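> Make a model of this:
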Amino acid sequence: MRRLLLIITLVVCSCSVLCGRVHAQNASSPVGIFEGHSDVGTVLHAGSVDYDASKKTYTISGSGENMWLAADAFQFVWKKVSGDVTLTADISFLTKTGNEHKKAVLMLRQSLDADSVYADAALHASGLTSLQFRDEKGVVTREVQSRLSAPKRLRIAKRGDYVYMSLAADGGEPQPEGGWLRIPLQGPFYVGLGVCSHDKDVVETAAFSNVVLTDVAPASVGKVSLYSTLETIDIDSADRRVAYLAQGRFEAPNWTRDGKTFLFNRDGHIERLAVGSDKPVIIDTGIANRCNNDHGISPDATQLAISDNSQGDHESQVYIVPIAGGAPRRITQKSPSYWHGWSPDGKTLAFVGQRNGDFDIYAIPAAGGEETRLTTAKGLDDGPEYSPDGKYIYFNSERTGHMQIWRMKPDGSEQEQVFSDDLNNWFPHISPDGKWMVFLTYGADVTGHPENKDVMLRLMSLADKKITVLAKLFGGQGTINVPSWSPDSKQVAFVSYMLIP
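Numbering: from 1, shown residues only. As a prediction, the model looks like this:
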């Protein structure tokens with residue numbers, strides 16, 4: 001009997017090898033190109049992985065309540081690596097039943113702790129695809145939602161300290177789809193495949209095929225492609241969503257007052273993009289064809305203020321054009337002048353002007369006329385914007401030694417600092433309902449507002465002056481220079497950037 005059992009065992013093992021399938025149920029078993037697998041976090045049902053070598057397919061079953069908030073629960077097939085890597089796979093769920101938020105992911109993870117630092121390209125059963133991330137151990141997960149629903153092929157890539165996601169709808173070569181997030185993975189880390197059922201009482205299964213894991217040599221300095229991503233962020237959830245992405249640089253979104261359209265500048269022009277579209281069109285601004293990133297919409301939504309340096313001494317001047325396009329009407333006579341704010345009654349513009357070597361804030365009638373100087377402090381004053389009730393102009397000033405947020409009455413009186421910290425804060429934008437201020441924050445060591453820096457969007461409640469971090473991103477100049485609130489005060493539009501080797 002013992003001999004018969006031994007023969008049966010040998011036959012079964014031989015069949016597994018000949019069929020090219022390995023069914024693993026413990027973390028010590030190598031699985032294809034991966035070193036092992038394990039459940040991460042608290043699960044009620046153990047996960048498993050089945051590897052078909054002939055098809056190079058990993059069929060992973062996982063349980064777990066979620067991969068979100070401050071702790072994760074899922075089945076993870078992994079390999080420990082160091083340096084820059086790219087992981088690519090076709091992903092499909094075996095069934096259409098179950099929770100629509102069940103996830104199949106490509107993941108980079110610092111440790112197997114439930115609250116580890118991580119980033120993943122996550123395909124949900126609903127088709128939602130996101131770059132999810134936890135950039136500090138134990139903090140709440142955030143995400144950048146893709147425009148593309150239910151892509152066939154996904155990729156996550158680490159380049160230096162940054163992570164980004166690429167997707168392909170039809171299984172072709174994935175294209176960049178958002179991210180360039182600074183995720184601090186230190187020393188060896190884990191890379192692999194994961195499945196979460198999003199239901200602690202259920203086990204769900206997904207197949208990962210055509211899996212390619214590549215070690216990438218660090219890119220040579222300067223050999224990168226710049227991508228710009230127009231994103232929106234919900235101020236309650238802090239969920240980010242890609243609205244438009246393109247190679248090259250565009251900047252400074254406005255959100256139209258009906259909530260249906262974005263405006264931004266690119267290559268000297270102002271472009272209009274319908275929400276939900278990926279086909280922007282250029283607005284005709286006549287002779288003003290070198291527009292910069294200081295532009296905005298009138299309170300009655302009929303006109304557009306632009307700043308352009310195509311004429312005269314080729315220094316920036318403020319113009320007004322019809323919102324649909326047309327001949328520009330020059331407002332300022334001295335240069336350089338950069339528009340930033342429009343009074344709620346539509347009668348006055350606030351702008352930044354350099355006069356006699358000093359940058360200060362000025363007001364001028366929207367109909368044209370004489371400019372009035374509002375600030376006289378030494379150092380740069382910038383970013384003036386009216387509050388929705390017209391009682392204040394908010395601005396940023398470096399008069400204290402580094403850039404801080406201030407406000408004053410519309411006539412320039414009663415100038416006061418809104419709050420004080422050791423960071424450099426720029427471009428205050430007040431929500432249409434007057435309850436919130438969003439602004440751009442650089443590190444303490446950054447001078448000016450340069451491009452391609454790690455920055456934050458921060459949110460202040462004007463009622464109690466409590467400040468929270470809305471988003472961390474790669475950006476700076478061009479990210480949020482001008483007003484970009486949604487008309488319902490629930491979202492903000494901004495531009496992040498990617499430097500892809």
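
> going forward, measure contacts and count neighbours with C-alpha atoms only.
Will do.

> Now do the buried residues in stretch 457-470.
By neighbour count on 16 or more other C-alpha atoms under 10 Å, the buried set for stretch 457-470 is 457, 458, 459, 460, 470.

> Could you do stretch 54-74 as well?
56-68, 70-74.

> mind listing the strands in the stretch 401-501 of the chain by residue range?
Counting by DSSP state E, counting those that start in this stretch, the stretch 401-501 of the chain has strands at residues 404-408, 416-417, 424-430, 436-442, 453-461, 467-475, 491-500.

> Now do the contacts for residue 61.
Neighbour list for residue 61: 47, 48, 49, 75, 195, 203, 204, 205, 206 [criterion: C-alpha atoms under 8 Å, 6 or more residues apart in numbering].

> Which ones among the buried residues of stretch 54-74 map onto strands?
Counted as lying in strands by DSSP state E, out of these, are 57, 58, 59, 60, 61, 62, 67, 68, 71, 72, 74.

> Leaving out sequence neighbours, find the closest residue to residue 258.
Spatial nearest neighbour of residue 258, excluding adjacent residues (C-alpha to C-alpha, 6 or more residues apart in numbering): residue 487 at 6.7 Å.

> give me the number of residues near the one you found?
17 (other C-alpha atoms under 10 Å).

> Let's have the buried residues of stretch 457-470 in CSV, adding pLDDT.
Compiled in CSV, the buried residues of stretch 457-470 are given as follows (pLDDT from 0 to 100):
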residue, pLDDT
457, 98
458, 98
459, 98
460, 98
470, 98
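
> Tell me the one among these nearest to residue 125.
Using C-alpha to C-alpha, residue 470 comes nearest to residue 125 of the buried residues of stretch 457-470, at 27.3 Å.

> hang on, the closest one packs against residue 237?
No. The pair residue 470 / residue 237 is not scored as a contact, 9.1 Å apart, by C-alpha atoms under 8 Å.

> give the contact list for residue 197.
Contacts for residue 197 (C-alpha under 8 Å, 6+ apart) come out as 62-66, 74, 98-99, 101-103, 203-205.

> in the chain, what spans have low per-residue confidence?
Across the chain, the ranges flagged by pLDDT under 70 are 1-28, 219-222.

> go with 80
Applying pLDDT under 80 to the chain flags the ranges 1-28, 217-222.

> residues of stretch 348-368 that come out buried?
Buried residues in stretch 348-368, counted by 16+ other C-alpha under 10 Å: 348-354, 359-366, 368.

> Show me the residues you listed that map onto strands.
Those of the buried residues of stretch 348-368 lying in strands (DSSP E): 348-354, 359-365.

> Out of those residues, which is nearest to residue 325?
Using C-alpha to C-alpha, residue 349 comes nearest to residue 325 of these, at 19.2 Å.

> Just the closest of the contacts of residue 197 to residue 154, please.
The closest of the contacts of residue 197 to residue 154 turns out to be residue 103 (C-alpha to C-alpha; 13.0 Å).

> surely the closest one meets residue 126?
No. Between residue 103 and residue 126 there is no contact under C-alpha under 8 Å: 9.3 Å.

> Tally up the residues packed near residue 325, please.
16.

> can you tell me how far it sits from residue 75?
The gap separating residue 325 from residue 75 is 55 Å, by C-alpha to C-alpha, to the nearest Å.

> what does residue 276 give?
In terms of C-alpha to C-alpha, residue 276 sits 35 Å off from residue 75.

> Those two: which has the busier surroundings?
A count of neighbours by other C-alpha under 10 Å puts residue 75 above the other of residue 276 and residue 75, at 29 against 12.

> which residues pair with that one across the strands?
Bridge pairing for residue 75 (DSSP bridges) gives the partners residue 39, residue 195.

> and it, what is it in contact with?
Neighbours of residue 75 in contact, by C-alpha under 8 Å, 6+ apart: 37-40, 46-48, 60-64, 194-196.

> let's see it at 10 Å
Residues near residue 75 by C-alpha atoms under 10 Å, 6 or more residues apart in numbering: 37-41, 43, 45-49, 60-64, 104, 193-197, 203.

> sorry, back to before: which one of residue 103 and residue 126 has more residues nearby?
residue 103 (28 against 14).

> can you pull the contacts of the more buried one?
When contacts are counted by C-alpha under 10 Å, 6+ apart, residue 103 touches 62, 66-67, 74, 93, 121-129, 194-198, 204-206.

> cool, residue 182 as well?
Residues counted as contacts of residue 182 (C-alpha under 10 Å, 6+ apart) are 119, 133, 135, 158-164, 454, 472-474.

> Please report phi then psi for it.
Note on residue 182: its backbone torsions stand at phi -80, psi 110 [degrees, to the nearest 10].

> partners of it in the sheet?
residue 162.

> just checking, residue 260 touches residue 488?
No. Counting by C-alpha atoms under 10 Å, residue 260 stays clear of residue 488, with 11.9 Å between them.

> Give me the helices and strands touching the lengthiest strand in the chain, please.
Ordering each strand of the chain by length in residues (DSSP E) puts strand 204-216 first. Judged by 3 or more C-alpha pairs under 10 Å, 6 or more residues apart in numbering; DSSP states H and E, strand 204-216 is in contact with strand 48-52, strand 57-62, strand 84-93, strand 103-109, strand 153-159, strand 189-196.

> Centre of the chain to it, how far?
25 Å (C-alpha atoms, centre = their mean, to the nearest Å).

> Any buried residues in it, and which?
For strand 204-216, by 16+ other C-alpha under 10 Å, it's 204, 205, 206, 207, 208, 209, 211, 213.

> Tabulate these in a markdown table, adding columns for distance to residue 394.
Listed next are those as a markdown table, based on distance: C-alpha to C-alpha, whole Å:
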| residue | distance to residue 394 |
| --- | --- |
| 204 | 52 |
| 205 | 53 |
| 206 | 52 |
| 207 | 53 |
| 208 | 52 |
| 209 | 54 |
| 211 | 52 |
| 213 | 50 |
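
> so which of the residues you listed comes closest to residue 479?
Using C-alpha to C-alpha as the measure, the one of the buried residues of strand 204-216 that approaches residue 479 most closely is residue 213, at 33.1 Å.

> dump the residue contacts of the closest one.
Going by C-alpha under 10 Å, 6+ apart, the list of residues near residue 213 reads 33-34, 79, 85-89, 155-157, 191-192.

> Let me have the residues you listed in JSON lines, adding neighbour count and distance to residue 389 as columns.
Listed next are those as JSON lines, based on neighbours: other C-alpha atoms under 10 Å; distance: C-alpha to C-alpha, whole Å:
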{"residue": "33", "neighbour count": "16", "distance to residue 389": "61"}
{"residue": "34", "neighbour count": "16", "distance to residue 389": "60"}
{"residue": "79", "neighbour count": "20", "distance to residue 389": "57"}
{"residue": "85", "neighbour count": "20", "distance to residue 389": "51"}
{"residue": "86", "neighbour count": "20", "distance to residue 389": "50"}
{"residue": "87", "neighbour count": "22", "distance to residue 389": "51"}
{"residue": "88", "neighbour count": "26", "distance to residue 389": "51"}
{"residue": "89", "neighbour count": "24", "distance to residue 389": "52"}
{"residue": "155", "neighbour count": "28", "distance to residue 389": "47"}
{"residue": "156", "neighbour count": "28", "distance to residue 389": "46"}
{"residue": "157", "neighbour count": "27", "distance to residue 389": "46"}
{"residue": "191", "neighbour count": "28", "distance to residue 389": "52"}
{"residue": "192", "neighbour count": "23", "distance to residue 389": "52"}
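
> by how many degrees do the longest strand of the chain and strand 84-93 diverge?
160 degrees (axes from the mean of the first three to the mean of the last three C-alpha atoms, to 10 degrees).

> So what are the sheet partners of strand 204-216 and their directions?
Strand 204-216 has these strand partners (DSSP bridges): strand 57-62 (antiparallel), strand 84-93 (antiparallel).

> Need the ones you listed in CSV (columns: distance to residue 440).
Below are the strands paired with strand 204-216 laid out as CSV (distance: least, C-alpha to C-alpha, whole Å):
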stretch, distance to residue 440
strand 57-62, 40
strand 84-93, 29
